[in-house]
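1. Build me a model from this:
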Amino acid sequence: MARVSALGDRTSRQQVDEPCRQPELHKLDAYPWAGAWGGPARPYAKPSAPVKLRICRPLQARRRRFGAPEAPLELRPELLEALDAWRNLETRQLRRLRCKAQSEPLQGPAHRAMLAIAQLVPSEPSELDALGTCRQLPTDPQQLLSRLASVTYEQFQAARSSLSASPAVSPSPRAAARDAASAERLVTQLAAAMLGALAPRFGSEAAIAEPAPPPPPPEPSPPAEVAAPKAAKELPPAVAKQLAAAGHLRRALLGNAELEGINLEGRDMQEAYLEGASLRRASLRRCRLEAASLGEANLTAACLDGAQLCRAMMSNAQLGQCSAEGANFLEASMNGVGLRSARLAKANFRQAALQRANLSDAHLHQANLEGADLCHAVLNGASLTQANLRHVRLRSAQLKNAKLHSCDLEGADLSADLQGVTIINCQGLNLKLSKACLLKATLQSCRFQVSATESDFTEAQLEDVTCLDSELLRSTWTAAKCTKVALVGAQLAGADFSGARLKQCNFSQADLKNSKFHSASTSGANFQGCDLSNAQLPRCDLSGADLRNAVGHGICLESARLKKAMLQNFVARGADLQQAQLQHAELEDAQLPLLRADGANLQEASLARSQLPELRAEAAVWRLCNLQFAQLPGAQLAKGDFQGANLSSADLSGADLRSCNFHSAELGEARLDRAEMVDVDLRNTRMERTSLQEADLTNAQLQNCQGVGLTLRGAVLHGANLGSASLPESDLRKAKGKGLVLRKARMPKADLSQACFRDLEAEALELSGGNLSGALLQNARLVAASLDGADLSQAQLSGAKMARVNLCNSKLDNANLQGADLKESICDAASFVEAQMRGAQLDGAHLAKAKLERAVLSGVSLQHAKLAGLQAPYARLLEADLSYASGLGCQLQGCELRKAKLWKTQLQEACLDDANLHDASLRGSDLSRSSMRRARLVRCDLWQTQLAQADLEGADFMQASLQETNLEKASLRDAQLGDSQLLQPTLRGADLRGAQLPELSRSLRREMEQALLDRPLA
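-> Just a heads-up that it's a prediction; the model follows:
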């Protein structure tokens, strides 16, 4: 069954191979899509004619489109060759093509070919010109074919029309040799090849029509068959003959000649006669036309770049929209000439006559108009950037909206209409402005000397204007726009600059007393040496302003912006800088007593050597600020942010610095004596020889701070944290602080004498060579601390945690170490003379060559201690535990070792003369070769004790237990062995002369036989 769309167009005709689905009329979901309608399929007989039509939208049936399929594009050899030649185009040829596009008329062949390519393959940024579109063509042929596949029939027709309308160009004999390789020919060939590739496709499509199709349009002819462009105008026969014979056109007679679009580039046409000639769109580039006559000639849109027209007669000639860049019009007569919208960059009009000339919207960049006569000329909207206008005459001329940027106006006469004129960066000594109209004008780089008391400059625009020594008392500059205006030495007392924009203006040495700058913008202004006393500058923008050596007593700068401002030697008593922005400002040597700067931002500002006594600047920002040698005694700086600031040698004595942030600040040689620094942040600061005497640093954070010679004498450090600080040779004498943290701090040779640091946290503290004499360090935690060579004499360390502490060569004479934990401590060569060490824990301690003379070690634990060379005469070791201790040559004479425990102690060659070992236990100990003369060993337990070769002369062993004791070769002369228990002792070679022996058993008698006795045994 065949059904046709009711629309009747050939693109919508469908043929159905299968019957469509019959929808159920009462169910909306049964229809193929929204808006479709129909009814049950009825078996209609095929009508003869006409075909009855009804709407049918088959959903599942297959569809087939009528008409021939679209012809695919083929990569023809012509397109491949043209694209390859275009890809290999040289830079010189591209430059020539660009010049051709600029100088050639719009109907030229190159323009038409590039326009055709731009219509076929539009550029991605639509604002590109035709040449830019051609340069963006894809170099890959397949990519170009894919771009051409989307070309519509309208684009094809427009491109074909553009290319066929291009006029024919007859090349010169010299250009014929390189015509095959020229850029113009290549771009034309490329456009023709692209049209040739698309011709078969659109030729077949053009034959498709509606039910009554019109005759198909003829197929587009190949590019070679495109109609030839029109021929250009030719020279008259006589002139052409002259050109062929002599090769120049000097004194040629071409009056009223029709030479539109002619190419005379580089020709010599001196003194030629061209009066009334038509040279529209002609190319006269680098042509020599000295003393030529061109009166009333039509040179509209002509190209005169680099042409020589010295002393040429061009009165009333029309050169609108022409291009004469670099042309020479020296002393030319151009009265009444029309140069509207002409391009005259770098042209020379010196001493030229241009009266009544029309130069509206002309482009005269770097043009030379020195001495030119432009009276009554029209230069509205002209651009005279960097032009030379020395001694130019512009009387009664019109320069509305003209632009005179960077011009030389020396001796110029500008008595003209200058409404909206822009004179920027011009030099104009002896400039004349009589009766000139400057309504809404913009003047820059002008010089004035003004006397205008109470004058009104409201909304005026002055740029680079000089007003030297002017009187402008009580003048009004509200909303004025002044850039680089010089008011040096001006009298501006009481002037009102509210809302003015005074960018980079010069007010040096001016009198600005009682002036107003409310919300003014004076960025980059120069106020050097000004008197700004009682001036009002709230919310004023002084960014980059220069206020050096200025005076501003009572000045108000509240909420002002002073970024990068220069205020060196600024003197202002009682100034108001609250909420001011002073980032990167320079205030070196400024004198600002009684300054108020609450909430001010001085980030990266420089206040070196400034005088700021009694400053009030709470919650101010001083980040990265330079305050070297600044004087801020008694300043109120609570909650200030000094992060990264440099306060070297600054004086902040007695300052209020509560809750301030000094993170990473530089405080070398700064004076902060008696400063209130509660909750201050001093992390990562550098404090070389900084003085903080009697400062209150409660809860201060000083982690990782560094500094040699820091002084904290008498400072309050309650809860302060100096963790990981590096403060060698610091002075903390008489400082006090409970809960001070010195964890991992480095403080070699620090002086903490008479300091009071209860509950000190100083794990891994390095205090080598430090002075802790008389320090109160009860319950201090000094685990793994390094105190070698330190002086802790008379220090109070009771209950201290000093496990693994290094006390080598340290001095702890008369120190109080009761209950201290010195486990595994290293105390080699340390001195504990008369130290109080009751109940101390010295297990595993190293006490080689340590001195404990008359030290009190009652109840001390020395298990596994290393005691080689220990010097402890007359020490009190009551109930001490020396089990498993070892040491060779210990000096323990006269020691009190009652009830001491020396199990398996290794004390060879020890000296225990006169020692008291009453009730001591020496089980398994080794005291070989030791000296124990007159030692009291009453009730001593010597089970399996090694006393070989020991000197026990006069020792008292009453009730001692000598079970299995080794007394081989020992000296027991005059020893008291009565009532002792000699069970299986070894007495081989022992000297028992004069000794009092107990009742001998059989086994003991056998041992005695090998000993040395006074008389033989009975």
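
2. what packs against the host helix or strand of Ser162?
-> According to DSSP states H and E, Ser162 maps onto helix 153-164. Secondary-structure packing of helix 153-164 (3 or more Cβ pairs under 8 Å, 6 or more residues apart in numbering; DSSP states H and E): helix 109-120, helix 183-206. Placement of C-beta: from N, CA and C, glycine included.

3. Return the distance of that helix from the chain's centre.
-> 55 Å (Cα atoms, centre = their mean, to the nearest Å).

4. do stretch 794-801 as well
-> Taking mean C-alpha positions (Cα atoms, centre = their mean), stretch 794-801 and its chain are 52 Å apart.

5. which residues does Met314 contact?
-> Residues in contact with Met314 (Cβ atoms under 8 Å, 6 or more residues apart in numbering) are 294-295, 297, 332-334, 337.

6. So how do I select the buried members of these in PyMOL?
-> Listed next is the PyMOL selection for buried residues among the contacts of Met314, using 16 or more other Cβ atoms under 10 Å:
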select buried, resi 294+295+297+332+333+334+337
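
7. Isn't Glu824 up against Ala845?
-> Yes. In terms of Cβ atoms under 8 Å, Glu824 counts as a neighbour of Ala845; the distance is 6.5 Å.

8. Give me the more crowded residue out of the two.
-> With neighbours defined as other Cβ atoms under 10 Å, Glu824 and Ala845 compare such that Ala845 has more, 31 against 18.

9. Do you know the pLDDT at that one?
-> For Ala845, the pLDDT comes out at 94.

10. List the residues that contact Cys705.
-> 682-687, 722, 725-727.

11. Would you mind giving the residues you listed as a markdown table with pLDDT added?
-> Converted to a markdown table, the contacts of Cys705 look like this (pLDDT from 0 to 100):
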| residue | pLDDT |
| --- | --- |
| Leu682 | 93 |
| Arg683 | 92 |
| Asn684 | 93 |
| Thr685 | 94 |
| Arg686 | 92 |
| Met687 | 92 |
| Leu722 | 93 |
| Ala725 | 93 |
| Ser726 | 93 |
| Leu727 | 93 |
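
12. Just those residues: which are in strands?
-> Nothing among those maps onto strands, per DSSP state E.

13. Between these, which sits nearest Leu148?
-> Of all the contacts of Cys705, the one sitting nearest Leu148 is Asn684; the distance, using Cβ to Cβ, is 68.0 Å.

14. residues contacting that closest one?
-> For Asn684, the contacting residues are 663-664, 703-706, by Cβ under 8 Å, 6+ apart.

15. Which of these has the largest number of neighbours?
-> Going by other Cβ under 10 Å, Cys705 tops the contacts of Asn684 with 27 neighbours.

16. export the contacts of Asn684 to CSV and tack on distance to Cys625 and pLDDT?
-> Output for these, formatted as CSV (distance: Cβ to Cβ, whole Å; pLDDT from 0 to 100):
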residue, distance to Cys625, pLDDT
His663, 13, 92
Ser664, 12, 92
Gln703, 22, 92
Asn704, 21, 93
Cys705, 19, 93
Gln706, 20, 92
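
17. can you map out the helices along the chain?
-> 77-87, 91-103, 109-120, 130-135, 141-148, 153-164, 173-176, 183-206, 237-246, 1002-1008 (DSSP state H).

18. now the fourth one: mean pLDDT?
-> Across helix 130-135, pLDDT averages out at 70.

19. follow-up on the earlier one: mind putting the helices and strands packed on helix 153-164 in CSV, distance to Ser653, mean neighbour count and mean pLDDT included?
-> Below are those laid out as CSV (distance: least, Cβ to Cβ, whole Å; neighbours: other Cβ atoms under 10 Å; pLDDT from 0 to 100):
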stretch, distance to Ser653, mean neighbour count, mean pLDDT
helix 109-120, 79, 24, 79
helix 183-206, 83, 21, 73
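
20. Quick one: closest of these to Arg280.
-> Of these, the one closest to Arg280 (Cβ to Cβ) turns out to be helix 109-120, at 15.6 Å.

21. burial count for Ala240?
-> For Ala240, using other Cβ under 10 Å, the count is 12.

22. That one and Ser810, how far apart?
-> Going from Ala240 to Ser810 by Cβ to Cβ, to the nearest Å gives 118 Å.

23. Nearest to Leu259 among the helices of the chain would be which one?
-> helix 237-246 (9.8 Å).

24. Can you identify each of the strands in this protein by residue range?
-> Using DSSP E, the strands of the chain run over 403-405, 422-424, 442-444, 447-448, 461-463, 466-467, 481-483, 501-503.

25. Just the buried ones from the contacts of Cys705?
-> Neighbour counting with 16+ other Cβ under 10 Å marks 682-687, 722, 725-727 as buried within those.

26. Format these as TSV; extra columns: distance to Leu547.
-> Formatted as TSV, those follow (distance: Cβ to Cβ, whole Å):
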residue	distance to Leu547
Leu682	33
Arg683	35
Asn684	34
Thr685	32
Arg686	32
Met687	33
Leu722	42
Ala725	41
Ser726	41
Leu727	41
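
27. which of those lies closest to Leu877?
-> Using Cβ to Cβ, the buried ones among the contacts of Cys705 come closest to Leu877 at Leu722, 37.4 Å.

28. nearest residue to that closest one other than its sequence neighbours?
-> Leu702 (4.5 Å; Cβ to Cβ, 6 or more residues apart in numbering).

29. What separation do you get for Tyr273 and Ala291?
-> Going from Tyr273 to Ala291 by Cβ to Cβ gives 11 Å.

30. of those two, who's got more company?
-> A count of neighbours by other Cβ under 10 Å puts Tyr273 above the other of Tyr273 and Ala291, at 19 against 15.

31. Just grab the bridge partners of the more buried one for me.
-> Beta-bridge pairing for Tyr273 (DSSP bridges): Leu253, Ser293.

32. my guess is it contacts Arg250, does it?
-> No. Using Cβ under 8 Å, Tyr273 is not in contact with Arg250, being 10.8 Å away.

33. Tell me how many other residues crowd Asp84.
-> Neighbourhood size, Asp84 [other Cβ under 10 Å]: 11.

34. now swap in Gln996 and tell me
-> Neighbours around Gln996, by other Cβ under 10 Å: 16.
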